[in-house]
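In: Predicted model follows, preceded by the sequence.
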Amino acid sequence: MELVSVVKGRRSIRKFKPNGISREVIREILETARWAPSWGNTQPWELYVLTGKLLDDFRKANHKLLVEDRPFTPDVPMPEVWPAHLKKRYGELGQTILTTLNIKREDKEARKKLYENMALLFGAPCLIVACIPRDTLVEYAMLDVGLIVQTICLVAHQKGIGTCIMAASVGHPELLRRICSIPEDRRIVIGLALGYPDQSYPINSFERKRAGIDEYVKWAD
């Protein structure tokens, strides 16, 4: 698969087949992704891979916290206010998902079910949790985490494995610390769900949109 096809073909998967991914395949993905760049080759990331019973335990507990309406307390805070043009794009994506699934905005029960599926990681058989040391400068380390996470996504897609980068998987860091034995001196940044895509699910194939480069590229001639 050509690089351009991989970049354009990768997408967020929101329903996975129940098929597991072998540890050998996961290792192959991570072996390639470890060549992702980082500032000064510091490679500040630490990756925790959840599969099997531990992942099932996390999934059930994460779902329970959602049902109980427990607020997120992530190690890396989510922004509460977005600039208007970014909020507009986010809103358009949400509307596209609801429309694709024939869910009306006022249908609270159907929307709740969608959020519950998110808490259950859309049925993914693998979750990779990316962490950084607490004593590193977040701004640089976050950039590096983004680089290796994107690399994992691209390598996985080339192997026919789907991914979804999920803030919803790290909203309760204390849960992940308990299940994965992640020490307090590690900041939990983001989770990445992996699995084989269920191509029959509508929101795994809706037409995606991206801003044209003239919207955000400024030429300095």
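Out: Sure, I can see it.

In: drop to CA atoms for contacts and neighbour counts, all remaining ones
Out: Noted.

In: Let me know the average pLDDT across the lengthiest strand in the chain.
Out: Using DSSP state E to define each element, the chain has its longest strand at strand 186-195. For strand 186-195, mean pLDDT rounds to 98.

In: so where do the helices sit in this structure?
Out: 3-9, 23-33, 52-67, 84-100, 108-119, 138-158, 173-180 (DSSP state H).

In: Which among the ones you listed is found nearest to residue 210?
Out: Residue 210 sits nearest to helix 84-100 of all these, at 9.1 Å, using CA to CA.

In: Can you name the residues bridging to the most centrally placed residue in the chain?
Out: With distances taken as CA atoms, centre = their mean, residue 165 lies nearest the centre of the chain, 1.1 Å away. Under the criterion DSSP bridges, residue 165 forms beta bridges with residue 192.

In: Need the winner for burial among the helices of the chain.
Out: Neighbour counts (mean count of other CA atoms under 10 Å) averaged over each of the helices of the chain peak at helix 138-158, with a mean of 20.

In: which residues are contacting that one?
Out: Helix 138-158 is contacted from outside by 1, 6-7, 9-10, 29-30, 32-34, 36-39, 43-45, 130, 132, 162-163, 189, 192, using CA atoms under 8 Å, 6 or more residues apart in numbering.

In: 7 Å instead, please
Out: Residues outside helix 138-158 that contact it (CA atoms under 7 Å, 6 or more residues apart in numbering) are 1, 6-7, 10, 29-30, 33, 36-39, 44-45, 132, 162-163.

In: Where does confidence bottom out across these?
Out: Among the contacts of helix 138-158, residue 1 carries the lowest pLDDT, at 68.

In: Can you list the low-confidence ranges for the chain?
Out: For the chain, residues meeting the criterion pLDDT under 70 lie at 1.

In: tell me the angle the longest strand of the chain makes with helix 23-33.
Out: 120 degrees (axes from the mean of the first three to the mean of the last three CA atoms, to 10 degrees).

In: Run the angle between strand 186-195 and helix 173-180 for me.
Out: Interaxial angle of strand 186-195 relative to helix 173-180 (the same axes, to 10 degrees): 70 degrees.

In: And strand 186-195, what does it pack against?
Out: On a contact count with 3 or more CA pairs under 7 Å, 6 or more residues apart in numbering; DSSP states H and E, strand 186-195 meets strand 126-133, strand 162-166.

In: so how far is that strand from its chain's centroid?
Out: Strand 186-195 sits 7 Å away from the centroid of its parent chain (CA atoms, centre = their mean, to the nearest Å).

In: same check, this time on stretch 175-182
Out: 18 Å.

In: And stretch 21-36, by the same measure?
Out: The chain centre lies 17 Å from the centre of stretch 21-36; the measure is CA atoms, centre = their mean.

In: Extract the CA atoms of it and return them as PDB.
Out: Extracted C-alpha coordinates of stretch 21-36, given in PDB (Å, rounded to 0.1, in the frame of the first residue of the first chain):
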ATOM      1  CA  ILE A  21      -5.200  -9.300  17.400                       C
ATOM      2  CA  SER A  22      -2.200 -11.600  18.000                       C
ATOM      3  CA  ARG A  23       0.600 -10.300  20.200                       C
ATOM      4  CA  GLU A  24       2.900 -11.000  17.300                       C
ATOM      5  CA  VAL A  25       1.000  -8.500  15.100                       C
ATOM      6  CA  ILE A  26       0.900  -5.900  17.800                       C
ATOM      7  CA  ARG A  27       4.600  -6.300  18.300                       C
ATOM      8  CA  GLU A  28       5.200  -5.900  14.600                       C
ATOM      9  CA  ILE A  29       3.200  -2.600  14.600                       C
ATOM     10  CA  LEU A  30       5.100  -1.300  17.600                       C
ATOM     11  CA  GLU A  31       8.500  -2.400  16.300                       C
ATOM     12  CA  THR A  32       7.900  -0.200  13.200                       C
ATOM     13  CA  ALA A  33       6.300   2.700  15.100                       C
ATOM     14  CA  ARG A  34       9.200   3.000  17.500                       C
ATOM     15  CA  TRP A  35      11.000   4.800  14.600                       C
ATOM     16  CA  ALA A  36       8.700   7.800  15.000                       C
END
